[in-house]
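In: what's the 3D shape of this:
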Amino acid sequence: MVKLYRCVAAIVGIMAVTGSATAEWTAGNPVVAAATKDPRVVGALDAVNAIDRAAVSDDHAAFAALLADDLAVNNPQNGVSVRGATAQRSAAGQISYDRYDRVIEYAGLRDGMVLLMGEEVVRPKAIAGASATVVHRRFMDLWKQAGGAWRLTARQATIIVRP
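Out: A predicted model of the protein is given here:
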C-alpha cells in the first residue's frame, strides 16, 4: 500500500510540474502488469486511454462513442447517470480535465468483460479563472465489447481526497 501511495504522490508531483493536458495509466502491481498480456485486457486498456484522452482534449464525440448503450455510472457527484446523461455531462464541460492519471490495482475478466479497479488522480479544467484542484478518486470500470469495440458499461467513482 505504501508503494501505491508513493506512486500516486509521484503522479501528483508530475501534475504540478507539467502544464499540458495528458492522460495515462500505470499498473499498480505485478499482477496487473501480467494481466496486460491478455488481449481483452489490452483492448479495454486501449479504450481507457482513448476515453481519458477524450476527456482531456474535450473531444465529446470520441468520449460518447466509448460509452455502451446500457452504461450506468455511480458518479463522483453522488448521483447515477446513464449513457445519455453522461454524454451530456461531457458535452457541457463537466467531464473535462487537464490531467487524468490512473493507477490500476486490479485488471481481470468477468464473463467476457474487463473489470478495472484502482485510484485515479484528476485535475478538472479551471472555470473562469479559478484555479484547478487535484482530486483523488477510487474507481471501478467495467468494459465490454459491443459493435467490435470496447465500451464502458458500468462505472463507480468516489472522491476520496479533495485538497
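In: in what helix or strand does the spatially most central residue of the chain lie?
Out: Centroid-nearest residue in the chain: Asp52, 5.7 Å away (criterion: Cα atoms, centre = their mean). Asp52 belongs to helix 39-57 when assigned by DSSP states H and E.
In: same deal with Tyr100?
Out: Assigned by DSSP H and E, Tyr100 falls within strand 97-110.
In: helices along the protein, start to end?
Out: In the chain, helices defined by DSSP state H lie at 2-17, 30-35, 39-57, 60-65, 83-91, listed in chain order.
In: ok now the third one, how far from the chain's centre?
Out: Taking Cα atoms, centre = their mean, to the nearest Å, the mean C-alpha location of helix 39-57 is offset from the chain mean by 8 Å.
In: list the buried ones in it?
Out: Buried residues in helix 39-57, counting neighbours by 16 or more other Cβ atoms under 10 Å, are found at 40-41, 44-45, 47-48, 50-56. (C-beta placed from N, C-alpha, C; glycine too.)
In: and those residues, which two are furthest apart?
Out: Arg40 and Val56 (25.1 Å; Cβ to Cβ).
In: wait, which of the helices of the chain is closest to Ile159?
Out: helix 2-17 (14.0 Å).
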